[in-house]
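Asks: Compute the structure for the input listed below.
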Amino acid sequence: MRDDLKQAYDRARTKFTLRNGPKMETAEKSLSPQEEVLQVLRCRIGSKPSLLILTDRNVHVLGRGGVFGDLAAQGEVIPIATITGVDRRRNPMVEWTITITRASNVDVLDMCDERESETFIAQARDLIHRAQVPAQSSDTQGASGDDVMDQIGELKALLDAGALTEEEFAEKKAELLKRI
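Replies: I've put the predicted structure just below:
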């Protein structure tokens, strides 16, 4: 097993002894060599045991369903840059629920561990923020007020989509306003 995948598995509070669900060895096959595994999370999609693997580039949702074959082979790779928001909520019937929102789809994953889902959301929001907010270069130091206002508008859209927290938005907004 890849070192980063093994380390993420070892850090996981909930170990993956899922009957009829994706196995870690099979999950490894969905990862590209360029990706760094940050977290592994056990959850369910409907009644199907599933794995959520967060990497520096993608979210791998493994075990989406199907009756025949290896469930992990029926997963989906979601590029971080296509995710518009992530959220979690407490559901008394199914522990914690994670919602991943994209322009074309909303994925709902149930039965997530409280601490692990909180970590997943924090890391995913940070990756989404870095992927969607343009890198600030030294040539924008003398940015015009219109450029800064456009960038603040983009940040507000990310805040509204749930990709940024209020604190992150306020911090970035203050940085941009200092450039005027």
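
Asks: quick one, what contacts the spatially most central residue of the chain?
Replies: Closest residue to the average C-alpha location of the chain: residue 124 at 3.5 Å, with CA atoms, centre = their mean. Contacts for residue 124 (CB atoms under 8 Å, 6 or more residues apart in numbering) come out as 54, 59, 80, 83, 86, 100. Any C-beta I mention is one placed from the backbone N, CA and C, and that applies to glycine too.

Asks: out of those, which one sits closest to residue 118?
Replies: residue 86 (11.4 Å; CB to CB).

Asks: following the longest helix seen in the chain, which helix or strand shows up next?
Replies: Counting by DSSP state H, the longest helix found in the chain is helix 114-132. Later in the chain than helix 114-132, the nearest helix or strand by DSSP states H and E is helix 145-161.

Asks: what angle do the helix or strand that that next one is followed by and helix 145-161 make?
Replies: Next helix or strand after helix 145-161 toward the C-terminus (DSSP H and E): helix 166-178. Between the axes of helix 166-178 and helix 145-161, defined by axes from the mean of the first three to the mean of the last three CA atoms, to 10 degrees, the angle is 180 degrees.

Asks: Tell me which residues are up against helix 166-178.
Replies: Contacts for helix 166-178 (CB under 8 Å, 6+ apart): 125, 129, 133, 136, 143, 148, 151-152, 155-156, 158-159, 164.

Asks: likewise stretch 31-43?
Replies: 2, 4-5, 7-9, 11-12, 14-16, 18, 24, 27, 49-58, 60, 98, 109-113, 116-117, 119-120, 123.
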